[in-house]
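Participant: Requesting a structural model of the entry that follows:
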Amino acid sequence: MSLAIIIFTKNEAASISRIIEEIHQVMKSIGTQSYKIYLVDDSCDGTEAIAINQNTIVIRSTNAGLGAAFSKACEYFIGIRPADQYCFLDGDGQVDLQEIPRFLEVHRESKAEIVIGSRFLNKNSVAYSYP
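Facilitator: Modelled structure (predicted):
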């Protein structure tokens, strides 16, 4: 099965290189070779250039928030359908990328059409608080 990993970013130049590299390490650890990383980017800090230098496909978004970025990604992928599975995540460095194999396993074993995780289920898993 092929996999598209989609990262939503806005000014993540300080962390995106590490995130992309960790995704490659995770995919290697589970023996997955059929994947591509895509960035849906609203940045003005060089995030796009860093990602391109790491062979990541960049989709420019509209700078209208995460919902608009998600819509932009869906529009893009509906047209080309580059994968059998899609993994969407934020590029802010708070996602535990080691969880990706778990999502893929649940998807494969359950035959569910969609698997959704939340970093808010465990109150200690989020490094900041909302008002």
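Participant: Mind listing what's buried along the helix or strand bottoming out on mean pLDDT in the chain?
Facilitator: Lowest by mean pLDDT, DSSP states H and E among the helices and strands of the chain is helix 66-80, with a mean of 88. Going by neighbour count (16 or more other CB atoms under 10 Å), the buried part of helix 66-80 is 69, 72-73, 76-77. C-beta: built from backbone N, CA, C; applies to glycine.
Participant: List the contacts of that helix.
Facilitator: 4, 6, 8, 38, 40, 42, 59, 61-62, 83, 86, 88, 90 (CB atoms under 8 Å, 6 or more residues apart in numbering).
Participant: Of those, which is the nearest to Ile114?
Facilitator: Comparing the contacts of helix 66-80 against Ile114 with CB to CB places Tyr86 closest, at 9.4 Å.
Participant: Figure out how far the strand or helix carrying Arg102 is from the centre of its chain.
Facilitator: Arg102 is part of helix 100-110, with elements assigned from DSSP states H and E. When distances are taken as CA atoms, centre = their mean, to the nearest Å, helix 100-110 is centred 15 Å away from the chain's centroid.
Participant: counting contacts, what elements does it pack onto?
Facilitator: With contacts taken as 3 or more CB pairs under 8 Å, 6 or more residues apart in numbering; DSSP states H and E, helix 100-110 sits against helix 16-29, strand 85-90.
Participant: How about the contacts made by Leu39?
Facilitator: By CB under 8 Å, 6+ apart, Leu39 lies in contact with 6-7, 9, 16, 47-48, 51, 56-59, 91.
Participant: at 7 Å instead, please
Facilitator: By CB atoms under 7 Å, 6 or more residues apart in numbering, the contact set of Leu39 is 7, 9, 51, 56, 58-59.
Participant: Restricted to helices, list the residues you listed.
Facilitator: Judged by DSSP state H, helices contain the following of the contacts of Leu39: Ala51.
Participant: export the contacts of Leu39 to JSON lines and tack on pLDDT, distance to Thr32 and neighbour count?
Facilitator: Compiled in JSON lines, these are given as follows (pLDDT from 0 to 100; distance: CB to CB, whole Å; neighbours: other CB atoms under 10 Å):
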{"residue": "Ile7", "pLDDT": "95", "distance to Thr32": "16", "neighbour count": "26"}
{"residue": "Thr9", "pLDDT": "94", "distance to Thr32": "22", "neighbour count": "25"}
{"residue": "Ala51", "pLDDT": "96", "distance to Thr32": "20", "neighbour count": "26"}
{"residue": "Thr56", "pLDDT": "95", "distance to Thr32": "16", "neighbour count": "21"}
{"residue": "Val58", "pLDDT": "95", "distance to Thr32": "22", "neighbour count": "19"}
{"residue": "Ile59", "pLDDT": "93", "distance to Thr32": "22", "neighbour count": "17"}
